[in-house]
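[1] this one's structure only:
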């Protein structure tokens, strides 16, 4: 007998850029944890935020994985020239969660971290190979391409040092830095010479600030928090990228709200955490006041972002419809159309 039941199609598209939400919460948690480690803030806000980050990651991962019926579905996600790089964030977040868990359960946290690190390296290698084989144009590149190898490598370097894996920390620092040099030249060439990014991808410009600040955090951990020529060089480039972000504010103000806005969360939180480390390294007068100003600013911004997300979800305005064309969905990373600036 023929089954006449209709297969219920999903109402919304769930794409890998949604992992930017737990990534951003993890970044905020890391800010508070850094401040607590420096003795300028209590530890409990960081602990609460780490639990929240884990819960959000489980929720997003469960929803996203439920749409992947076959291994071929994952292959298509990885091969997508627009959203493929965001897949790596799914395994980068557990590296951060593993480091946080290790503060309470050292063995379990260590296992989670190392497992996620291996998966991050595998994802970065697979995606790099995919980019070599894929028939893509320069205009399809965007700052999200930093995430798998540059972001994953430099975050792994900082966390490895925290676990006492000094050689692994240096190895991953080299891995992330070399990828940054290679990919950074391609991405900046694309941004300087090609048509403007589609509306749905313009929030990824915030990711440009992440490589120097995450590299700076990792280097401070590797060299024991000393101000040396490498630290100063990284800080100089971070300053340039921060100035670029200020110039882009008028552009950001024109963008419609959607999942892409979470691209701001981790880079800006990482910049705040990096600033906290510089305050400590330079023994700045009024360090505690500056610390609380930065923590307040980044926490209020993240809370506002979360509030808008909840409101948009409640109003069914956050996720693009399943039938929407990627190009016509302004709050979703879109394939690059032809055209001019």
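    Received it, and whenever you're ready, just let me know what you need. Note that the structure is a prediction, hence the values are computed from the model and not measured. Numbering: from 1, shown residues only.

[2] could you pull out the strands for the chain?
    Under the criterion DSSP state E, strands are not mapped anywhere in the chain.

[3] Now do the helices in it.
    For the chain, the helices defined by DSSP state H occupy 20-37, 44-65, 71-79, 89-101, 106-133, 152-162, 166-193, 210-222, 229-247, 249-252, 265-281, 287-314.

[4] quick check: mean pLDDT across the shortest one?
    Here the mean pLDDT over helix 249-252 is 96, rounded to a whole number.

[5] which other residues reach it?
    Contacts with helix 249-252, where a contact means C-beta atoms under 8 Å, 6 or more residues apart in numbering, come from 202, 203, 205, 206, 264. (C-beta placed from N, C-alpha, C; glycine too.)

[6] Show me the one of the helices of the chain that comes nearest residue 322.
    helix 44-65 (13.1 Å; C-beta to C-beta).

[7] Tell me what angle the closest one forms with helix 20-37.
    160 degrees (axes from the mean of the first three to the mean of the last three C-alpha atoms, to 10 degrees).

[8] which of the contacts of helix 249-252 has the most neighbours?
    residue 203 (27 neighbours; other C-beta atoms under 10 Å).

[9] wait, isn't it in contact with residue 254?
    No - using C-beta atoms under 8 Å as the test, residue 203 is too far from residue 254 to be in contact (11.3 Å).

[10] ok, the closest residue to residue 177 other than its chain neighbours to residue 305 distance?
    Among residues not flanking residue 177 along the chain, residue 215 sits closest, at 6.4 Å (C-beta to C-beta, 6 or more residues apart in numbering). Distance of residue 215 to residue 305, computed by C-beta to C-beta, to the nearest Å: 25 Å.

[11] Which one's more surrounded, these two?
    residue 215 (26 against 20).

[12] if we can go back for a sec, out of the helices of the chain, which gets nearest to residue 14?
    So among the helices of the chain, helix 44-65 is nearest, using C-beta to C-beta, at 5.1 Å.
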